[in-house]
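1. Got a predicted model here, sequence first, then my questions.
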Amino acid sequence: MKSAVLKYIFSKKIPAILVSLAVINLFVLSSCSAKKDKSEYSIAVYIPGIMADSAIYANLAEGVKEAVQEYNAVSEKKASVTVSEAGTNQAEWGTKLTALAATKKFDVIISSNPSLPEIAEPVSRMFPEQKFIFLDAAVSGNKNMAAVSYNQKEQAYLSGYIAGLFSKTKRVGLIAAQEYPVMNEVLMPYFAKGASDAVPETVCDFRIVGNWYDASKGAEITKAMASSGTDVILPICGGASRGVISAAKELGIHLVWFDENAFSKAPGTIISSCLVLQKKAAKETALDYLNGKILWGQTRTVGFSDGYIEFVRDDPLYESSVSPSIREKMDVLIESLSESN
Ligand code: RBF
């Protein structure tokens with residue numbers, strides 16, 4: 001997942017100072033206002049993508065901002081936070097992360113994405129003073145990194161289970177923005193397993209958009225899936241999910257949602273919302289950092305049993321979209337998940 005640019009930079013062994021000069025103008029100066037001398041802790045939130053239509057990113061920024069506010073309200077020392085979006089061109093992510101570290105303005109760079117630890121590894125070697133915290137990711141060994149990992153199996157299984165129960169055609173679908181290890185090894189297989197455990201012989205149609213923003217491609221794929229009989233879809237594709245929603249509404253098929261409570265985006269079309277408590281995790285982790293409590297080099301794994309993954313059952317739109325018999329079956333599953341943990 002390393003960017004081509006970063007690979008080029010490291011293969012040519014261009015000195016850090018040149019790298020920073022080349023990239024600072026592109027990214028950091030235009031987006032940062034933090035000044036280390038004004039505050040004792042300076043935090044950068046690095047968004048690998050854009051926040052619009054990606055709850056996991058918007059909640060990361062919100063959580064860290066809340067932590068800084070809370071910290072500043074009670075502490076003598078002060079903290080500041082600067083949020084930068086690296087954009088949807090993944091080839092630029094490594095360069096932009098390097099630029100951020102090269103400013104040496106930020107005590108810690110906080111981000112969220114399973115691909116970030118690998119992208120950050122060479123940056124960490126180049127800037128050994130720089131600390132990194134990653135949510136929705138795992139790290140091991142690097143003493144300048146820490147991570148919080150969600151048990152995504154649970155979110156995927158719960159979504160698959162209700163999709164399977166709801167489907168009339170025994171055909172559910174997952175529209176992913178792109179393939180990545182967590183998608184291929186966890187999200188897709190556990191979604192499919194949830195669906196077939198709920199109703200045996202249910203199959204999962206898996207399709208790829210190719211990016212995290214193309215709403216018309218999202219709509220096109222939804223239509224193709226519906227025409228082959230898929231009637232419940234899980235979109236994990238950022239801004240492309242706007243097209244999935246509009247096509248699903250038009251076709252009268254249904255969606256299960258990930259990462260946030262999204263019922264109000266499409267009442268009657270979205271039948272479930274499973275969420276990761278990213279804002280809570282981001283806030284706690286940033287506060288842990290500010291209070292010197294981060295366990296560096298380690299990954300903290302959180303999930304359903306400790307309240308970081310939730311299946312929304314108290315939204316009136318859940319009750320009105322899903323029959324009592326399906327809701328009862330979900331209650332039984334949720335009960336058993338809680339007990340088994
Ligand atoms: N999730 C989003 O919601 N929006 C994104 O733009 C986004 N970009 C990603 C890029 C890469 C390279 C990878 C590996 C994951 C990305 N994710 C994104 C997925 C995110 O990490 C997580 O798997 C999903 O949000 C499901 O919780």
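-> Everything's here; your move. Just so you know, these numbers come straight off a predicted model, no measurement behind them.
2. number of nearby residues for the nearest residue to residue 75 once chain neighbours are set aside?
-> Distance criterion CB to CB, 6 or more residues apart in numbering; nearest residue to residue 75, sequence neighbours excluded, is residue 290 at 7.5 Å. C-betas here are computed from N, CA, C, even on glycine. Using other CB atoms under 10 Å, the number of residues around residue 290 comes to 22.
3. Next one: residue 290 relative to the ligand, how far apart?
-> 25 Å (CB to the nearest ligand atom, to the nearest Å).
4. Phi and psi next, for that residue.
-> phi -60, psi -30 (degrees, to the nearest 10).
5. That one: what's it in contact with?
-> Contact analysis of residue 290 by CB atoms under 8 Å, 6 or more residues apart in numbering lists 41, 67, 68, 71, 75, 79.
6. so the second one touches residue 287, yeah?
-> Spelled out, it's residue 67. Yes - between residue 67 and residue 287 there is a contact under CB atoms under 8 Å: 4.6 Å.
7. out of the two, which sits in the more crowded spot?
-> Taking neighbours as other CB under 10 Å, residue 67 and residue 287 compare with residue 67 leading, 25 against 18.
8. Secondary structure element for the more buried one, which one?
-> helix 55-74 (DSSP states H and E).
9. ok, that helix near the ligand or not?
-> Yes - Helix 55-74 comes into contact with the ligand (CB under 6 Å from any ligand atom), by way of residue 56.
10. Now do that helix: distance to the chain's middle.
-> 16 Å (CA atoms, centre = their mean, to the nearest Å).
11. What residues sit buried inside that helix?
-> Buried residues in helix 55-74, counted by 16 or more other CB atoms under 10 Å: 55-68, 71-72.
12. and which of those residues is nearest to residue 112?
-> residue 60 (4.6 Å; CB to CB).
13. Can you tell me how far the closest one is from the ligand?
-> Noted for residue 60: a distance of 10 Å to the ligand, by CB to the nearest ligand atom.
14. That residue contacts residue 285, correct?
-> No - Residue 60 is not in contact with residue 285 according to CB under 8 Å; the separation is 9.7 Å.
15. Identify the contacts common to the two.
-> Contact criterion CB under 8 Å, 6+ apart; residues shared by residue 60 and residue 285: 110, 135.
16. Near the ligand, which residues of the stretch 201-341 of the chain are found?
-> Counting by CB under 6 Å from any ligand atom, the residues of the stretch 201-341 of the chain that sit close to the ligand are 212, 236, 238, 258, 259, 276.
17. Stretch 324-337 - what's its average pLDDT?
-> For stretch 324-337, mean pLDDT rounds to 96.
18. buried sites along it?
-> In stretch 324-337, counting by 16+ other CB under 10 Å, buried: 326, 327, 329, 330, 333, 334, 337.
19. Need those in CSV (columns: secondary structure and distance to residue 137).
-> Shown next, in CSV, are the buried residues of stretch 324-337 (DSSP: H, G, I helix; E, B strand; the rest coil; distance: CB to CB, whole Å):
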residue, secondary structure, distance to residue 137
326, helix, 34
327, helix, 33
329, helix, 33
330, helix, 29
333, helix, 27
334, helix, 26
337, helix, 23
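20. Max pairwise distance over these: which two?
-> Using CB to CB, the pair of the buried residues of stretch 324-337 lying farthest apart is 326 and 337, separated by 16.5 Å.
21. quick one: average confidence on stretch 153-161?
-> pLDDT averaged over stretch 153-161 gives 97.
22. and it, how far from the chain's centre?
-> On CA atoms, centre = their mean, the centre of stretch 153-161 falls 15 Å from the chain's centre.
23. Residues contacting that stretch, please?
-> Here stretch 153-161 has contacts from 172, 186-198, 204, 234, 256-259, 272, 274-276, 303-304, 309, 311, 329-330, 333-334, 337, using CB under 8 Å, 6+ apart.
24. Equivalent analysis for stretch 299-307, please.
-> Against stretch 299-307 from outside (CB under 8 Å, 6+ apart): 137-140, 146-151, 154, 158, 277, 281, 308-310, 337-338, 341.
25. Show me which parts of it are buried, residue by residue.
-> For stretch 299-307, burial by neighbour count (16+ other CB under 10 Å) applies to 299, 300, 302, 303, 304.
26. Now do the same for the second one: its pLDDT.
-> Just to be clear, that refers to residue 300. At residue 300, the pLDDT recorded in the model is 97.
27. and it, bridged to which residues?
-> residue 148 (DSSP bridges).
28. Distance of it relative to the ligand?
-> 17 Å.
29. in the chain, what spans have low per-residue confidence?
-> 1-39, 341 (pLDDT under 70).
30. Please flag which of the contacts of stretch 299-307 sit within strands.
-> In this view, the contacts of stretch 299-307 that belong to strands under DSSP state E are 146, 147, 148, 149, 150, 309, 310.
31. Narrow the contacts of stretch 153-161 to those that are buried.
-> Using 16+ other CB under 10 Å, the buried members of the contacts of stretch 153-161 are 172, 186-196, 198, 204, 234, 256-259, 272, 274-276, 303-304, 309, 311, 329-330, 333-334, 337.
32. Since that was my last question, I'll sign off now.
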